[in-house]
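In: how would this look folded up:
(one chain, ligands or ions: 1)
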Amino acid sequence: MFDLKDQVALVTGAARGIGRTIADSLAKSGATVVLADFADWDAELQIVGDRTYGVRLDVTDPEAVKGVIGQIVDQLGRLDILVNNAGITRDGLLMRMKEEDWRKVLSTNLDGVFYLTKEAVSRMMRQRYGRIINIASVVGQMGNPGQANYVASKSGVIGLTKAVAREVASRNITVNAVAPGYIATAMTEDLPDSAKQELQKMIPLGRIGTVEDIASGVLFLASKEAGYITGHVLNINGGMYM
Ligand code: NDP
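Out: Now for the predicted structure:
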């Protein structure tokens, strides 16, 4: 559908779930893709498939982020596409939320995006080309009880997206967010059945989203064809929030 030949992409949190499918779809469109995740691989780029590399990366560690982006540019020559996908939840009502759970979620979901974006932008500016796609969430737009930390982090991601989009537009770098609704992955499988049923009732299209639903939106925003779109939040939520 879109041709990403000769482009290099980095996807964080790509060992499984939404990130894995995003990485696969970028690779199928011709990009060389680096999958970065917490624990699954070595600290050096290792080949894990055709034009696909894996690397261990904790997005909360700014030195490690510099190291991985440095390796990508040194070994693969450039960095065209960054997908900030790594994210976690530590749910609980505000009154019972431990400071540790607040900090952990903000650190992974927001600080991580800051470190990666800052490092990637410095490389993309020299290339005069880049596509940054940040995975936010519908709850960052709507709010959700029991997720003050997660909601704050995802609203923060949306704000960061818009601010950076304005800063780097003159260098031909676009920065957009994708806001998924309720998607079937490990992150959501532990929800009680009653909560799942309630959520499904809120979705006009009447079904839970798939990882492919998200990957196709990301692929579009990563393509050259999306070159006049920046600072946008693409809702992929079955109509849950409009
Ligand atoms: P998963 O939990 O299935 O996958 C997330 C991946 O990120 C895991 O492989 C995880 O590794 C990795 N990860 C966690 N912390 C770090 C870190 N510090 N550094 C590097 N990698 C890390 O989540 P989903 O695929 O469901 O979610 C992907 C993104 O989509 C997240 O940002 C999430 O907030 C967002 N999202 C998801 C929705 C859903 O309904 N599923 C809805 C809205 C948004 P490990 O397994 O080792 O922890």
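In: could you say what helices and strands the longest helix that the chain contains packs with?
Out: The longest helix of the chain (DSSP state H) is helix 148-168. For helix 148-168, the packing partners by 3 or more CB pairs under 8 Å, 6 or more residues apart in numbering; DSSP states H and E come out as helix 99-106, helix 112-127, strand 130-135, helix 139-142, strand 173-180. Quick note: C-beta positions are derived from backbone N, CA and C, even for glycine.
In: apply 7 Å and report the result again.
Out: helix 99-106, helix 112-127, helix 139-142, strand 173-180 (3 or more CB pairs under 7 Å, 6 or more residues apart in numbering; DSSP states H and E).
In: show residues contacting the third one.
Out: Translated: helix 139-142. Q147, Y150, V151, K154, S155, V157, I158, A179, Y241 (CB atoms under 7 Å, 6 or more residues apart in numbering).
In: how about the residue nearest the centre of the chain: what's its closest non-neighbour residue?
Out: Closest to where the C-alpha atoms of the chain average out (CA atoms, centre = their mean) is N85, at 2.2 Å. Nearest non-adjacent residue to N85, counting by CB to CB, 6 or more residues apart in numbering: G19, 4.0 Å away.
In: contact partners for that neighbour?
Out: V11, T12, G13, N85, A86.
In: list the residues that contact the fourth one.
Out: What it means is N85. V11, T12, G13, A14, I18, G19, I22, I135.
In: elements contacting whichever helix or strand V68 is part of?
Out: V68 belongs to helix 62-76 when assigned by DSSP states H and E. In terms of contacts (3+ CB pairs under 7 Å, 6+ apart), helix 62-76 is packed against strand 8-12, strand 32-37, helix 112-127.
In: for the longest one, the distance to its chain's centre please.
Out: Right, the one you point to is helix 112-127. 14 Å (CA atoms, centre = their mean, to the nearest Å).
In: tell me what angle that helix forms with strand 173-180.
Out: Angle, helix 112-127 to strand 173-180, by axes from the mean of the first three to the mean of the last three CA atoms, to 10 degrees: 150 degrees.
In: using PDB, write out every CA atom in helix 112-127.
Out: Extracted in PDB, the C-alpha atoms of helix 112-127 (Å, rounded to 0.1, in the frame of the first residue of the first chain):
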ATOM      1  CA  GLY A 112      10.500   7.900  27.400                       C
ATOM      2  CA  VAL A 113       8.800   9.700  24.600                       C
ATOM      3  CA  PHE A 114      10.800  12.900  25.400                       C
ATOM      4  CA  TYR A 115      14.200  11.100  25.400                       C
ATOM      5  CA  LEU A 116      13.500   9.300  22.200                       C
ATOM      6  CA  THR A 117      12.000  12.200  20.400                       C
ATOM      7  CA  LYS A 118      14.800  14.600  21.400                       C
ATOM      8  CA  GLU A 119      17.500  12.200  20.200                       C
ATOM      9  CA  ALA A 120      15.700  11.200  17.000                       C
ATOM     10  CA  VAL A 121      14.900  14.900  16.100                       C
ATOM     11  CA  SER A 122      18.600  15.800  16.200                       C
ATOM     12  CA  ARG A 123      19.300  13.100  13.600                       C
ATOM     13  CA  MET A 124      16.200  13.800  11.500                       C
ATOM     14  CA  MET A 125      17.000  17.600  11.400                       C
ATOM     15  CA  ARG A 126      20.300  16.800   9.600                       C
ATOM     16  CA  GLN A 127      18.400  14.600   7.100                       C
END
